[in-house]
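**Student:** here are the coordinates; sequence isn't available:
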């Protein structure tokens, strides 16, 4: 029997790389995607399609009801998505309160029910300045808690915690991954906007790797 693991899979390029990283390591991967009311819900369709193509167990869970108690993020509320490169002052509006703690807690519960030993998620160093729940100290404490929260310990695995998006993309390109199968834009329109912080960071990663992003952009 292969070792079971859960991968939190948004459908974005970071989690797509994590998913394939886990598959390359020979794990029996169970992907878990959350609909938390994000305006870029289009990423869920990309997650579904990727898992079907990879023949990966995939569960999509609707937790959008949490928006009745968690508000104030431009990703879930009627607040303009900031444009331009990732900067702490502008991008803080994209923070969804306590999101990763909530998602990790649910993923760990799922892992315990599956008798899976690990939960993977795609935090990386480019997120550290803006998102507190992507920082090494947060990960360390979640690892400590998840080791004792159930009768069966679950390890939180963050393979790219100390890598930036440029390095993550480089690893994915080495794995011959097709990033046209991922969605990054914070706006859920037909094409990626090319202007929000997520698009800007993605485009920069491709440029630094001397590659052209295969995704179609509005501009």
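**Tutor:** Ah, there it is. In this text, all values refer to a predicted model and were calculated from it rather than measured experimentally.
**Student:** any idea which helix or strand comes after the helix or strand of the chain with the lowest mean pLDDT?
**Tutor:** Lowest mean confidence among the helices and strands of the chain (mean pLDDT, DSSP states H and E): helix 88-91, at a mean of 48. Beyond helix 88-91 on the C-terminal side, the first helix or strand identified by DSSP states H and E is helix 99-114.
**Student:** And that next one, what's buried?
**Tutor:** Buried residues in helix 99-114, defined by neighbour count with 16 or more other C-beta atoms under 10 Å: 99-100, 102-108, 110-112. To be clear about C-beta, it is placed using only N, CA and C from the backbone, and glycine gets the same treatment.
**Student:** Helices along this structure, start to end?
**Tutor:** Per DSSP state H, the chain has helices spanning 13-24, 42-54, 88-91, 99-114, 136-146, 165-174, 197-208. These are given in chain order.
**Student:** and the last one, what other elements does it pack with?
**Tutor:** Right, the one you point to is helix 197-208. Packed against helix 197-208 by the contact rule (3 or more C-beta pairs under 8 Å, 6 or more residues apart in numbering; DSSP states H and E) you find helix 165-174.
**Student:** The helix it packs on packs against which elements?
**Tutor:** helix 13-24, helix 197-208.
**Student:** Deepest in the core, which of those helices is it.
**Tutor:** Among these, ranked by average contacts under mean count of other C-beta atoms under 10 Å, first place goes to helix 13-24 (a mean of 23).
**Student:** who's in contact with that one?
**Tutor:** Residues outside helix 13-24 that contact it (C-beta atoms under 8 Å, 6 or more residues apart in numbering) are 5, 7-9, 29, 31, 47, 50, 54, 56, 120-122, 124, 159-160, 165, 168-169, 171-172, 175, 177, 179, 181-182, 184, 202, 205.
**Student:** Return the members of those classed as buried.
**Tutor:** 5, 7-9, 29, 31, 47, 50, 56, 120-122, 124, 159-160, 165, 168-169, 171-172, 177, 179, 181-182, 184, 202, 205.
**Student:** Got the confidence number for residue 196?
**Tutor:** pLDDT for residue 196: 85.
**Student:** Name the nearest residue to it, ignoring sequence neighbours.
**Tutor:** Distances taken as C-beta to C-beta, 6 or more residues apart in numbering put residue 186 closest to residue 196, at 4.5 Å, once the chain neighbours are dropped.
**Student:** these two touch, right, that neighbour and residue 195?
**Tutor:** No. Counting by C-beta atoms under 8 Å, residue 186 stays clear of residue 195, with 9.7 Å between them.
**Student:** ok, these two, which is more surrounded?
**Tutor:** Using other C-beta atoms under 10 Å as the criterion, residue 186 and residue 195 rank with residue 186 on top: 22 against 19.
**Student:** and that one, how far is that from residue 102?
**Tutor:** Taking C-beta to C-beta, to the nearest Å as the measure, residue 186 falls 19 Å from residue 102.
**Student:** Output the contacting helices and strands for the longest strand anywhere in the chain.
**Tutor:** Scanning the chain for the longest strand, with DSSP state E as the assignment, gives strand 28-35. The contact analysis (3+ C-beta pairs under 8 Å, 6+ apart) places strand 28-35 against strand 4-8, helix 13-24, helix 42-54, strand 57-62, helix 99-114.
**Student:** Report how many residues lie close to residue 147.
**Tutor:** Residue 147 has 13 nearby residues by other C-beta under 10 Å.
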